[in-house]
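**Q** heads up, no residue letters with this:
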């Protein structure tokens with residue numbers, strides 16, 4: 001199922017032309033996905049987090065820019081999971097105007113669950129898998 005979170009663009013996110021700097025698009029995606037997991041009880045601190053899987057790293061990030069975002073304000077980040085493997089998950093996303101009339105960017109992000117002691121990939125727990133399941137998109141029949 002697709003999730004959508006509003007994300008605010010601040011003045012310091014803009015470049016010299018008043019457009020959202022290209023590096024900030026990844027930050028918008030991070031803020032939206034982090035908000036989703038925080039709502040479920042995820043936290044960076046394992047002592048506080050509802051989930052044991054708290055040490056995740058971005059392995060790959062691909063973005064295609066379609067229309068620039070001008071000025072500060074609010075946009076929407078729509079995201080879902082295309083795949084949840086044994087140790088990694090693939091998020092798809094779109095960054096949309098607040099009224100959904102414009103797709104500013106789209107792409108995917110791959111996260112890897114790491115063992116904090118070894119920094120090697122480790123399987124997701126059943127609890128994390130269950131929480132991620134609603135994000136999984138049904139495969140296309142085409």
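**A** Yep, that arrived. None of the values given here were measured: they were computed from a predicted structure.
**Q** all contacts plus neighbour counts: C-alpha atoms, from now on.
**A** Will do.
**Q** can you give me the helices in this structure?
**A** 24-39, 126-132 (DSSP state H).
**Q** between those helices, which one is nearest to residue 99?
**A** helix 24-39 (16.8 Å; C-alpha to C-alpha).
**Q** pLDDT averaged over the closest one, what's the number?
**A** Average pLDDT, helix 24-39: 97.
**Q** one step back: just tell me which of the helices of the chain ends up closest to residue 109.
**A** helix 24-39 (9.0 Å).
**Q** Pull out the buried residues from the closest one.
**A** Within helix 24-39, the residues that qualify as buried are 25, 28-29, 31-33, 35, counting by 16 or more other C-alpha atoms under 10 Å.
**Q** What is the most widely separated pair among these?
**A** Among the buried residues of helix 24-39, 25 and 35 lie farthest apart (C-alpha to C-alpha), at 15.6 Å.
**Q** Pull the contacting residues for the residue most central in space within the chain.
**A** In the chain, the centroid-proximal residue (C-alpha atoms, centre = their mean) is residue 33; its distance is 3.8 Å. Going by C-alpha atoms under 8 Å, 6 or more residues apart in numbering, residue 33 touches residue 79.
**Q** TSV for the helices of the chain, including distance to residue 90?
**A** Listed next are the helices of the chain as TSV, based on distance: least, C-alpha to C-alpha, whole Å:
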stretch	distance to residue 90
helix 24-39	12
helix 126-132	11
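**Q** Distance check, residue 85 against residue 7.
**A** 28 Å (C-alpha to C-alpha, to the nearest Å).
**Q** Which one's more surrounded, those two?
**A** residue 7 (20 against 12; other C-alpha atoms under 10 Å).
**Q** ok, the more buried one touching residue 31?
**A** Yes: with contacts defined as C-alpha atoms under 8 Å, residue 7 counts as touching residue 31 at a distance of 7.1 Å.
**Q** what's the average pLDDT for stretch 133-142?
**A** Mean predicted confidence for stretch 133-142 is 74.
**Q** Not counting residues beside it along the chain, what's closest to residue 106?
**A** Spatial nearest neighbour of residue 106, chain neighbours left out: residue 94 (4.2 Å); criterion: C-alpha to C-alpha, 6 or more residues apart in numbering.
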